[in-house]
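Peer 1: The following comprises the amino acid sequence and a computationally predicted model.
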Amino acid sequence: MFAYAMNQNYGTLCHTNFINSKLGWWGYIFVTPSHHRVHHASNTKYLDKNMGMVLIIWDRIFGTFQEEKEEMEYEKLKFGLTKDVEDKNPVNIIFHEWKEIYKDFFIRKKDLPLSTRLKYIFLPPGWSHDGSSKTSRQLQKLVKQEENAVKL
């Protein structure tokens, strides 16, 4: 119970916007408010990054770490989901993604083979059998290619 309480208290501290610094050596090991802002951002560059709740070293080890970039004035941090949810009632906010998966599996893609429909459940969000939508990795790759093209 003590460890759980400490974990929750630390998580609450990481949700502040009042601390803007990277916190020096602390930020190499532990999650800071800067790291956690990246976690909540919906900018393509920041999708699926900084998943650790206390230790940021896991994200550094597994390649999911992303530093908050303050010098990018053209792209401010945008909090929230990648697409707006129309129905803002709390139950829908919590379960909207489950409802979308259900619709993909049983309604929208019902004519596809079962093996393909299962991929909508088990592959990353944004995956599609026909390429009509993209995963966060695919989107990040496109952004990287655009950035490289601009540099040339």
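Peer 2: Alright, I've got the coordinates.
Peer 1: Tell me who's in contact with Thr44.
Peer 2: Residues in contact with Thr44 (CB atoms under 8 Å, 6 or more residues apart in numbering) are Ser136, Leu139, Gln140, Val143. Bear in mind the C-beta positions are built from the backbone N, C-alpha and C, glycine included.
Peer 1: and the residue of the chain most remote from its centre, what element?
Peer 2: Seen from the C-alpha centroid of the chain, the residue lying at the greatest distance (CA atoms, centre = their mean) is Asp111, 30.5 Å away. Here Asp111, judged by DSSP states H and E, is contained in no helix and no strand.
Peer 1: Near Val31, how many other residues are there?
Peer 2: Around Val31 there are 26 other residues, counting by other CB atoms under 10 Å.
Peer 1: With the one 5 residues further on instead?
Peer 2: His36 sits with 20 neighbouring residues when counted by other CB under 10 Å.
Peer 1: Next, the contact list for Lys78, please.
Peer 2: Residues near Lys78 by CB under 8 Å, 6+ apart: Ala41, Ser42, Asn43.
Peer 1: among these, who's most crowded?
Peer 2: Ala41 (21 neighbours).
Peer 1: show me what contacts that residue?
Peer 2: By CB under 8 Å, 6+ apart, the residues touching Ala41 are Leu77, Lys78, Phe79.
Peer 1: low-confidence ranges in this structure?
Peer 2: Judged by pLDDT under 70, the chain has its weakly predicted residues at 70-75.
Peer 1: mind listing the helices for the chain?
Peer 2: Per DSSP state H, the chain carries helices over the ranges 2-13, 26-29, 33-40, 57-62, 90-103, 114-122, 136-151.
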